[in-house]
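In: Okay, structure incoming, though there's no sequence with it:
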DNA sequence: AATAGGTTTAACCAAATGGTTAACAAATGT
DNA sequence: ACATTTGTTAACCATTTGGTTAAACCTATT
């Protein structure tokens, strides 16, 4: 039997669906069980409680996000390349997992301490290398002076917000689903250009 | 008796607290009643149901946000001034209402149709004037070519994200509460400079 | 002082919810 | 073949939750 067919994995899969679309508080154990096609008691057999099942889903979700961040933080390319690659890759990735950003952001807001549990994991994103690279390129006269943390948050903001704020932005800009998808698609390059325009020393 | 002291208003006030920090699903009617210092039956006496009380809170919250957006969309100043003013004013405002962005964004994600109820209200933000102004300044050679909607989303993203992603960014950048506040404070000008650097025709 | 109106409360209710139990089935090992 | 462990289910349970009710409590008007 393949790993994806085990009951345990089917539960996690169904739980992912329900938790990510309804949040911890809105999710119902019964709905997860129904979606997984099994009895509700099985959820507790494999994951003991709603809280633990939720944490399994959350860690799983975060483990998808972390490598995306690490790619911009830890590789050896120039800042400009990092930004172009990240903007393209992250947007591509999020178009496949559109509910993931809001899930993570919202649950972290609901329970600030929760992120501390993840912090110590190996692979948790670390900014040191990125900061050093930004400062180095500024010294070389390649970039205009900017605080590396501010730049990092700007990059995150421009890439993540269109997914977080989709319902709001869709209505404000009066785009339908198709137009919004095209809008997001074009941001793969637009956002990188926007950032690089701002920081590149000319 | 002042308006703020009426039972109805005390309920709305308590409901705002609870809904904005715990969301629709996590909020408990009993907690709202306790916080308002009244009997739970009063909630239903004045607002009939949890759903209607929630909608009252949500509309109230949105009516605080909308004027912030309208200020950048509808005044007659240059794009550069708009951006500088908005970035400063919005950040100042959000530092006073830090849970508001996540509340609105998250509830809209949880229920996409909900925004349609607000759409028809007078005062609902409209982008037409902003788009025209951006296009005009591009024609005048004042700004580099950029799609007005993309610019608008960039402005929103850079200003709102630090509040949405605070728990994540705090840990990633290893800032404590005080340092994060200073970080946010400095964005009042940093963000405007970042945007204008990118779009201003030199 | 009696009346009538809105306001407030304690007690109650039905439904939903996370979780448990005990019996049963299916593998697994000997 | 038998026993033991693992997986699965239906039925059940205690608690929580949004919501209701009927009576009590003002407060202003007559």
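Out: Received it, and whenever you're ready, just let me know what you need. Only a predicted model underlies this, so the values are computations on that prediction, with no experimental measurement involved.

In: From here on, just use CA atoms for contacts and neighbour counts.
Out: Noted.

In: and the closest residue to residue A:62 other than its chain neighbours, helix, strand or coil?
Out: Of all residues not flanking residue A:62 in the chain, residue A:104 sits nearest, at 7.3 Å (Cα to Cα, 6 or more residues apart in numbering or on different chains). Following DSSP: H, G, I helix; E, B strand; the rest coil, the label given to residue A:104 is helix.

In: my read: residue A:104 touches residue A:60, true?
Out: No - counting by Cα atoms under 8 Å, residue A:104 does not reach residue A:60; the two are 10.7 Å apart.

In: More neighbours: those two, which one.
Out: A count of neighbours by other Cα atoms under 10 Å in any protein chain shown puts residue A:104 above the other of residue A:104 and residue A:60, at 21 against 13.

In: Just list the residues touching that one, thanks.
Out: Residue A:104 sits next to A:58, A:61, A:62 when contact means Cα atoms under 8 Å, 6 or more residues apart in numbering or on different chains.

In: Please parse chain A into its domains.
Out: A:1-48, A:55-199 (automatic domain parsing).

In: Now render those domains as CSV, adding distance to residue B:188 and mean pLDDT.
Out: Formatted as CSV, the domains of chain A follow (distance: least, Cα to Cα, whole Å; pLDDT from 0 to 100):
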stretch, distance to residue B:188, mean pLDDT
domain A:1-48, 32, 94
domain A:55-199, 12, 96
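
In: I'd like these laid out as JSON lines, including distance to DNA strand C.
Out: As requested, the domains of chain A are exported to JSON lines (distance: least, Cα to the nearest atom of the strand, whole Å):
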{"stretch": "domain A:1-48", "distance to DNA strand C": "4"}
{"stretch": "domain A:55-199", "distance to DNA strand C": "12"}
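
In: List the buried residues for the helix or strand hosting residue A:72?
Out: Here residue A:72 sits within helix A:50-74, counting by DSSP states H and E. Under the neighbour-count criterion of 16 or more other Cα atoms under 10 Å in any protein chain shown, helix A:50-74 has A:50, A:53-54, A:56-58, A:61-62, A:65, A:69-74 buried.

In: just to revisit the earlier point, dump the domains of chain A into CSV; add distance to residue B:178 as well.
Out: Shown next, in CSV, are the domains of chain A (distance: least, Cα to Cα, whole Å):
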stretch, distance to residue B:178
domain A:1-48, 29
domain A:55-199, 15
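
In: For chain A, which segments are assigned as helices?
Out: A:7-26, A:29-36, A:40-47, A:50-74, A:79-96, A:100-110, A:114-119, A:128-139, A:148-164, A:166-172, A:177-199 (DSSP state H).

In: For the second one, which residues meet the burial criterion?
Out: By neighbour count on 16+ other Cα under 10 Å, the buried set for helix A:29-36 is A:29, A:32, A:33, A:35, A:36.

In: and what of the fifth one?
Out: Within helix A:79-96, the residues that qualify as buried are A:79, A:80, A:82, A:83, A:84, A:85, A:86, A:87, A:88, A:90, A:91, A:94, counting by 16+ other Cα under 10 Å.

In: elements contacting it?
Out: When contacts are defined as 3 or more Cα pairs under 8 Å, 6 or more residues apart in numbering or on different chains; DSSP states H and E, helix A:79-96 packs onto helix A:50-74, helix A:128-139, helix A:148-164, helix A:177-199.

In: and the angle for the last one with helix A:148-164?
Out: So that's helix A:177-199. Relative orientation of helix A:177-199 versus helix A:148-164 (axes from the mean of the first three to the mean of the last three Cα atoms, to 10 degrees): 170 degrees.

In: Any buried residues in helix A:177-199, and which?
Out: Taking 16+ other Cα under 10 Å as the criterion, helix A:177-199 shows A:180, A:183-184, A:187-199 as buried.

In: so residue A:172 sits right up against residue B:125, yeah?
Out: Yes - with contacts defined as Cα under 8 Å, residue A:172 counts as touching residue B:125 at a distance of 6.8 Å.

In: more neighbours, these two?
Out: Shown here are residue A:172 and residue B:125; by other Cα under 10 Å, residue B:125 has more neighbours (21 against 16).

In: Give me the distance between the more buried one and chain A.
Out: To chain A, residue B:125 is 7 Å away according to Cα to the nearest Cα, to the nearest Å.

In: gap between the closest residue to that residue other than its chain neighbours and residue A:89?
Out: Nearest residue to residue B:125, sequence neighbours excluded (Cα to Cα, 6+ apart): residue B:70, at 5.5 Å. As defined by Cα to Cα, to the nearest Å, residue B:70 lies at a distance of 33 Å from residue A:89.
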